[in-house]
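Undergrad: please find the sequence and the predicted model below.
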Amino acid sequence: MSSPATHLARNLRQLRQSRGASQAQLAKLAGIPRATWANLESGEANPTLQVLGAVAGALGVSLEELLAPPRRGARVHARASLPERHPGTATVRRLLPDPVPGTEIERVELPPGGRFAGVPHTAGTREYLAVETGAIEVTVTGERLHGEAGDVLSFPGDQRHGYHNPGTVLAVGYSVVVLGGPRGD
């Protein structure tokens with residue numbers, strides 16, 4: 001099993017090389033000695049949060065990205081590999097194979113006249129629905145929002161809400177749910 005220091009070393013090396021920069025250039029930008037940068041890339045360092053913050057700032061990435069296990073290279077994720085559910089008359093499919101902390105991103109298909117009830121999320125959650133084709137209505141605690149192709153509906157996702165296709169053609173939208181509440185930040 002890899003350690004956070006190993007993840008940091010691999011991620012730093014990859015991020016630096018992808019920018020075409022030397023250790024000395026990025027160390028100077030971060031305001032740390034080049035030897036410190038070299039130790040970070042070797043996996044032998046035990047940096048302070050201040051050093052990690054300076055390195056992240058120099059690379060323009062988050063601390064999470066510096067310490068995360070490296071992701072696999074490019075690949076195709078077949079449609080059948082992405083989880084799909086069928087609430088009401090809708091088809092809802094997750095768009096991303098890897099989790100994005102605090103976020104849910106899904107593709108929603110509603111047949112003509114189709115509808116389904118959304119599930120309220122934790123307090124402070126916001127939902128966004130980008131309508132790609134057709135028309136979709138979202139009802140949130142009695143208020144009706146109507147969106148046509150190209151529109152984005154935004155609403156509190158911690159309230160009772162439902163989706164409806166009032167049209168005569170298949171409606172497709174993309175839902176982004178930004179979860180509220182504590183996320184361990």
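TA: Looks like it came in fine.

Undergrad: what is the helix of greatest length in the chain packed up against?
TA: Longest helix in the chain by number of residues, with DSSP state H as the criterion: helix 4-18. Secondary-structure packing of helix 4-18 (3 or more Cβ pairs under 8 Å, 6 or more residues apart in numbering; DSSP states H and E): helix 34-42, helix 49-59, helix 63-67. From N, CA and C alone the C-beta is placed, and that goes for glycine too.

Undergrad: list every C-alpha atom in that helix, with coordinates, as PDB.
TA: C-alpha atoms of helix 4-18 as PDB (Å, rounded to 0.1, in the frame of the first residue of the first chain):
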ATOM      1  CA  PRO A   4       0.900   9.800   1.400                       C
ATOM      2  CA  ALA A   5       4.600  10.600   1.000                       C
ATOM      3  CA  THR A   6       4.800   8.300  -2.000                       C
ATOM      4  CA  HIS A   7       1.600   9.800  -3.500                       C
ATOM      5  CA  LEU A   8       3.000  13.300  -2.900                       C
ATOM      6  CA  ALA A   9       6.300  12.400  -4.600                       C
ATOM      7  CA  ARG A  10       4.700  10.800  -7.600                       C
ATOM      8  CA  ASN A  11       2.100  13.700  -8.000                       C
ATOM      9  CA  LEU A  12       4.800  16.400  -7.600                       C
ATOM     10  CA  ARG A  13       7.000  14.800 -10.200                       C
ATOM     11  CA  GLN A  14       4.100  14.400 -12.700                       C
ATOM     12  CA  LEU A  15       2.800  17.900 -12.100                       C
ATOM     13  CA  ARG A  16       6.300  19.500 -12.500                       C
ATOM     14  CA  GLN A  17       7.100  17.500 -15.600                       C
ATOM     15  CA  SER A  18       3.700  18.300 -17.200                       C
END
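
Undergrad: what's the following helix or strand after that helix?
TA: helix 23-30 (DSSP states H and E).

Undergrad: elements contacting the helix or strand bottoming out on mean pLDDT in the chain?
TA: Taking mean pLDDT, DSSP states H and E as the measure, the helix or strand of the chain with the lowest value is helix 63-67, at a mean of 86. For helix 63-67, the elements it packs on are helix 4-18, helix 49-59, judged by 3+ Cβ pairs under 8 Å, 6+ apart.

Undergrad: in this structure Thr125 contacts Gly157, no?
TA: Yes - Thr125 is within contact range of Gly157, at 3.7 Å (criterion: Cβ atoms under 8 Å).
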